[in-house]
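> using only what follows, build the 3D model:
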Amino acid sequence: MNADFTADQSLRNGSLAMKSFKSKIIGFSVLLVMGSIAQPGSSQETKRIHFAVSTPVHYLPIWLAKDTGLYSKHGLDVEVIWIRSGAMATLGIVSGQLPLSGVGAASVVAARAEGADIELLACPLDGDVVYFIARPEIKTADQLRGKATAVTRLGTSVHFYLRTALKQLGMDADKDMTILQLGVGAEIATALESGRIAAATLSFRDSLPFLERGWPVLVDLTNSIKYPPSCVASSRSFVRNNPNTVERFLKAYTEAIHVIKTNPVLAKRVYAKTYRESDARVIDKVVDHYAKIFKSIPTIPQAGLETVIRDLASRKPLPKEFLQPDLYKDDAPLQKLIKEGWFEQLRK
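Modelled structure (predicted):
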């Protein structure tokens with residue numbers, strides 16, 4: 001059984017267009033008894049997958065693969081589900097209810113460090129354009145002390161970006177500002193616009209209208225950190241018990257990235273449809289940006305993982321074995337595709 005909900009409409013003034021996301025979340029307790037999702041130990045590999053994503057455009061390959069029939073081409077039945085944050089997707093992976101889903105590296109590292117069975121399989125980006133933007137009346141970082149900011153949920157990529165930005169300003173995110181949890185990036189942009197929060201870390205898409213109006217950028221994180229957002233993650237048990245399913249999924253996923261990079265017209269159509277974007281200028285900017293920076297081979301960046309591990313270790317003691325990046329990733333499925341010539345085949 002699927003439950004439909006509509007996220008709060010995100011504010012779009014002038015260059016911002018009003019839009020809402022029709023979202024489907026599967027009740028976790030229902031998924032536990034659904035026979036269509038194989039649990040670890042099943043004698044037959046599952047071909048039907050529920051894949052959860054949150055709102056970042058980083059997940060465009062997931063949607064394009066669905067829209068263009070690439071999952072079916074590779075023998076899978078994939079239902080893509082909107083979910084309000086990567087932290088919720090992490091919970092789904094750990095519980096076995098969403099065996100493959102989209103999650104940022106920070107969520108995976110935090111959960112794995114607590115002993116959870118979760119790992120990264122592919123990351124389409126080594127980093128992204130991220131700005132820490134303040135309201136026009138904020139002139140200095142010191143004016144932010146005691147004011148509110150926002151994340152999607154604690155422990156997500158947005159939270160990681162916020163901590164990093166405030167650290168660069170000589171501030172402590174846990175002490176110097178009040179952090180609200182607002183669910184999705186568009187709601188954070190709305191809160192910044194309305195004055196509910198004083199500043200926020202915003203993605204490329206959400207930052208556009210503020211940059212166009214000259215709102216102050218207190219920190220530009222674009223080139224200052226390596227951080228892999230919005231990766232494909234799973235559990236070690238699922239990968240071990242369903243190697244062919246994982247391989248089929250990665251083929252569809254990487255073929256979708258190839259399509260985005262080589263067929264911008266199709267990519268823009270899927271983006272406009274999925275994200276309900278009607279502004280042609282925004283569509284061009286967003287899709288052209290990600291078509292350029294998506295990696296053809298979505299390897300998991302070692303430097304990015306090390307950044308996340310250091311951040312976690314600075315806030316809580318970690319045993320020595322949990323400081324090793326290899327603990328949080330599984331390169332084998334993607335490396336198998338590389339060795340078998342899959343990516344050369346795509347380029348033909």
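> poorly predicted segments of this structure, please.
Flagging of the chain using pLDDT under 70 yields the residue ranges 1-43.
> longest helix in it, by residue count?
Longest helix in the chain, counting residues (DSSP state H): helix 243-262.
> for whichever helix or strand comes after it, packing partners?
Following helix 243-262 in sequence order, the next helix or strand is helix 264-275 (DSSP states H and E). On a contact count with 3 or more Cβ pairs under 8 Å, 6 or more residues apart in numbering; DSSP states H and E, helix 264-275 meets helix 60-67, helix 243-262, helix 280-293. Where C-beta positions appear, they are placed from N, C-alpha and C, glycine not excepted.
> any idea which of the ones you listed gets closest to Thr140?
Closest to Thr140 of the helices and strands packed on helix 264-275, according to Cβ to Cβ: helix 280-293, at 30.1 Å.
> what comes up buried for the closest one?
By neighbour count on 16 or more other Cβ atoms under 10 Å, the buried set for helix 280-293 is 282-283, 286-287, 290-291.
> immediately after it, which helix or strand?
helix 302-313.
> tell me the contacts of the closest residue to Val129 other than its chain neighbours?
Sequence neighbours aside, Phe204 is the residue nearest to Val129 in space, at 4.2 Å (criterion: Cβ to Cβ, 6 or more residues apart in numbering). Counting by Cβ atoms under 8 Å, 6 or more residues apart in numbering, Phe204 touches 57, 128-130, 286, 289-290.
> how about these in a markdown table, adding distance to Thr222?
Below are the contacts of Phe204 laid out as a markdown table (distance: Cβ to Cβ, whole Å):
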| residue | distance to Thr222 |
| --- | --- |
| Val57 | 15 |
| Asp128 | 7 |
| Val129 | 5 |
| Val130 | 6 |
| Val286 | 15 |
| His289 | 11 |
| Tyr290 | 14 |
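> list just the nearest of the residues you listed to Ile260.
Proximity of the contacts of Phe204 to Ile260 was ranked by Cβ to Cβ; the top entry is Tyr290 with 7.0 Å.
> strands of the stretch 1-150 of the chain, start to end?
Counting by DSSP state E, counting those that start in this stretch, one finds strands in the stretch 1-150 of the chain at the ranges 2-6, 22-26, 48-53, 77-82, 100-103, 119-122, 130-134, 148-151.
> between those, which one is nearest to Val239?
strand 119-122 (7.2 Å).
> in that closest one, what's buried?
119-122.
> also stretch 213-230?
215-216, 218-219, 221, 225-230.
> so which of the residues you listed sit within strands?
218-219 (DSSP state E).
> relative to the whole chain's centre, how far out is the longest helix of the chain?
Mean C-alpha position of helix 243-262 versus that of the full chain (Cα atoms, centre = their mean, to the nearest Å) differs by 17 Å.
> just stretch 231-243 next, same as before
The answer for stretch 231-243 is 18 Å, by Cα atoms, centre = their mean.
> residues making contact with it?
Applying Cβ under 8 Å, 6+ apart, the contact partners of stretch 231-243 are 38, 40-42, 45-46, 89-90, 93-94, 96, 99-105, 108, 117-124, 246, 249-250, 253, 298, 300, 330, 333.
> please enumerate the helices of the stretch 51-200 of the chain.
Taking DSSP state H, counting those that start in this stretch, the helices of the stretch 51-200 of the chain run over residues 60-67, 70-73, 86-95, 105-113, 157-168, 173-176, 185-194.
> and the ones you listed: which comes nearest Lys316?
helix 105-113 (8.1 Å).
> tell me the angle of that closest one relative to helix 157-168?
With axes from the mean of the first three to the mean of the last three Cα atoms, to 10 degrees as the basis, helix 105-113 and helix 157-168 are set at 100 degrees to each other.
> one step back: make a markdown table out of the helices and strands packed on helix 264-275 and add distance to Ile179.
Compiled in a markdown table, those are given as follows (distance: least, Cβ to Cβ, whole Å):
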| stretch | distance to Ile179 |
| --- | --- |
| helix 60-67 | 28 |
| helix 243-262 | 32 |
| helix 280-293 | 27 |
